[in-house]
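**Q** sharing a model prediction with you, sequence too.
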Amino acid sequence: MSRSNGQQALGMSGVLIAALLWGTTGTAATFAPALSPLAIGAVAMGTGGILQALVAWSAIIRQRRQIWQQRRYLLMGAVAVAIYPLSFYASMHLAGVAVGTVISIGSAPLLSALLEFWLEGHRLSRRWMWGSAVGVTGMGLLTFAESHGSQAVNTHALVGILLGLVAGLTYAFYSWSARQMMQQGTSGRAAMGATFGIGGLLLMPVLLLTGAPLLHAWVNAAVGIYMALVPMFIGYLCYGMGLARIRASTATTITLLEPVVAAILAVVWVGETLPLMGWGGIVLIVGCLVIITVPASLLTRRPQTQAV
């Protein structure tokens, strides 16, 4: 394996680990129903973002001049980081755990691709487009399976879907802005630490206004600590490592694994039911991951015949 392929494999592995951890957030939130979606989003991304900044502090200080030169990307990414968890958890609250996750994460690859096309003029490969089409089809099947028969489409669900699209857009945008900083020479640790640190600070007023229930019961506090340390802190460290090695559109496509994990956990732990169509959607999403992440050489390799 060449150095380039090895770096890409490492990057994809980091994003896959992040997606697995992020897939647990919706189920974890159900163990603390007293917490509002705004409180969960603020404690998860706010505290996790500040922790990322502290871990990357030395890198941020070393590259402070370069980061300041890229402040436009930094501030835009930080605002997107602050908006993302509020819209994401509100979407799950209004539209359901699985549907909110599917809409938020499933829309991100397409929105990320559009950002790269509009802002960079970057053309996507035919392989990526096929993989994304398979993944989005799987998202659609999973969304329909989760929503059909469980509750009628109402105003709350529609608002939840719209908020999911906002979450997908902000997720794609902060991934793109952090990637721009990395491509201009800022290290992954510094770019992600600074972006998420400022985003976390922007979420602190929301946490002060909505986070009182965190202190009312140990379960609420445990959920808040888990969300901040595991999916947000560790997950985004892995994501930052991956984003430094692969394109933002590829990274957001790999995270289509997150709603698969969320749906499976919703069935196993929360007690939701998943029709056959939903499992079909999961199969398509896994197929999307194979198309996107497995090197083309392995997919097209033919057995070599020995000369006689």
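**A** Yes, it's here.
**Q** tell me the contacts of the residue nearest to Thr255 when sequence neighbours are not counted?
**A** The shortest distance from Thr255 to any non-neighbouring residue, by CB to CB, 6 or more residues apart in numbering, is to Ala19 (4.4 Å). Using the backbone N, CA and C atoms, a C-beta is placed for each residue, glycine as well. Ala19 sits next to 254-258, 261 when contact means CB atoms under 8 Å, 6 or more residues apart in numbering.
**Q** please apply the same query to Thr252.
**A** 108-109, 111-112, 171-172, 175.
**Q** over to Gly278?
**A** Contacts for Gly278 were tallied using CB under 8 Å, 6+ apart; they are 141-142, 145-146, 263.
**Q** any chance of CSV for those, columns distance to Leu162, pLDDT and neighbour count?
**A** Below are those laid out as CSV (distance: CB to CB, whole Å; pLDDT from 0 to 100; neighbours: other CB atoms under 10 Å):
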residue, distance to Leu162, pLDDT, neighbour count
Leu141, 21, 81, 22
Leu142, 19, 70, 29
Ala145, 21, 70, 24
Glu146, 17, 59, 29
Ala263, 21, 76, 29
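**Q** ok, Pro37 to Val79 distance?
**A** 19 Å (CB to CB, to the nearest Å).
**Q** the helices in the stretch 151-300 of the chain, which residues?
**A** 155-183, 188-210, 218-227, 235-243, 248-254, 257-265, 276-293, 296-300 (DSSP state H, counting those that start in this stretch).
**Q** CA atoms only: put the fourth one into PDB for me.
**A** Provided in PDB are the C-alpha atoms of helix 235-243 (Å, rounded to 0.1, in the frame of the first residue of the first chain):
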ATOM      1  CA  GLY A 235     -15.600  11.300  18.200                       C
ATOM      2  CA  TYR A 236     -14.600  14.600  16.800                       C
ATOM      3  CA  LEU A 237     -10.900  14.000  17.600                       C
ATOM      4  CA  CYS A 238     -11.200  10.900  15.300                       C
ATOM      5  CA  TYR A 239     -13.200  12.900  12.800                       C
ATOM      6  CA  GLY A 240     -10.600  15.700  12.700                       C
ATOM      7  CA  MET A 241      -7.900  13.100  12.100                       C
ATOM      8  CA  GLY A 242      -9.900  11.700   9.200                       C
ATOM      9  CA  LEU A 243     -10.800  15.100   7.800                       C
END
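**Q** what does stretch 86-93 rub up against?
**A** By CB under 8 Å, 6+ apart, the list of residues contacting stretch 86-93 reads 26, 29, 36-38, 40-42, 44, 99-101, 103-104, 160-161, 163-164, 166-167, 170-171, 203, 206.
**Q** now do stretch 191-199
**A** 45-46, 48-50, 52-57, 59-60, 67, 74-75, 77-82, 174, 177-178, 181-182, 236-237, 239-240, 243.
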